[in-house]
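# Sharing a model prediction with you, sequence too.
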Amino acid sequence: MTAVRYNCNVLLTYDAESAVTPPSDTELELLKLLWRKGPLSAREVQDQAGPALEWTASTTRTVLERMRGKGLVVRRSVHGLAVYEAADNKVSVIGAMVRRMGDFLEIDASVAASAFSGSQLLSEAEAAELEALLAEVDGKGRTS
C-alpha cells in the first residue's frame with residue numbers, strides 16, 4: 001500500500017493489489033503520461049493525450065474523474081487549479097497487473113518480470129524493483 005501525504009496534511013492511500021477494477025488500456029495511457037510528466041491539469045492531459053485518443057476536453061475530464069473514483073489518480077488544488085497525478089507508482093500498478101495475469105495463466109509471475117528488460121516505460125532500477133516485487137512471497141505462501 002502506498003501512502004501519499006500532501007502539505008495540506010491530507011493522507012491518501014491506494015493499494016494497487018486491491019483496486020476493484022484494473023485500469024483499462026486508455027486509463028493506462030493516461031497513467032503513463034502522468035508517470036512521465038508528473039501532476040497535470042485536465043487541460044494539460046487533453047493537450048498531450050487528447051488528440052491521439054481523439055477525445056474532447058470534456059471526455060478527458062470525465063475519464064480523469066472516473067479514474068479518481070477508481071483510486072487510480074488523485075486530484076488536488078495547486079493555486080486554485082485542479083491537477084491530477086497517479087495515485088500509485090508505475091511499479092506497483094504494473095506489478096499488480098502482471099501478478100493478476102500470472103494468476104490467470106497459472107504461471108510464476110516473477111518469470112514475466114524479465115519481459116520488462118529494455119522497456120521504455122521502466123528504468124533499469126524500476127525493472128529490478130518490479131522483479132523483486134513479483135518475487136516476493138504473497139500471503140498464500142507461494143511465489144507470485
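That came through fine.

# Quick one: the helices in this protein, in order.
For the chain, the helices defined by DSSP state H occupy 25-37, 42-53, 57-69, 90-105, 109-112, 124-135.

# CSV please, covering those helices and showing distance to Gly118.
Where C-beta positions appear, they are placed from N, C-alpha and C, glycine not excepted. Rendered in CSV, the data for the helices of the chain read as follows (distance: least, Cβ to Cβ, whole Å):
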stretch, distance to Gly118
helix 25-37, 16
helix 42-53, 23
helix 57-69, 28
helix 90-105, 15
helix 109-112, 14
helix 124-135, 8
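
# Quick check: which of those helices is nearest to Val83?
Between Val83 and these, the shortest gap by Cβ to Cβ is with helix 42-53, which sits at 8.2 Å.

# Buried residues in the closest one, which are they?
Taking 16 or more other Cβ atoms under 10 Å as the basis for neighbour counts, the residues of helix 42-53 that come out buried are 42, 44-46, 49-50.

# ok, now which ones touch Arg100?
Residues counted as contacts of Arg100 (Cβ atoms under 8 Å, 6 or more residues apart in numbering) are Pro22.

# For Lys70, give its distance to Val93.
The span separating Lys70 from Val93 equals 12 Å under the rule Cβ to Cβ, to the nearest Å.

# actually Leu31, sorry about that
Going from Leu31 to Val93 by Cβ to Cβ gives 7 Å.

# Could you name every residue contacting both of these two?
Shared contacts of Leu31 and Val93, defined by Cβ under 8 Å, 6+ apart, comprise 23, 72, 86.

# Just name the closest of the residues you listed to Arg61, please.
Leu72 (14.7 Å).

# Per-residue pLDDT of that closest one, please?
According to the per-residue confidence, Leu72 scores 94 in pLDDT.
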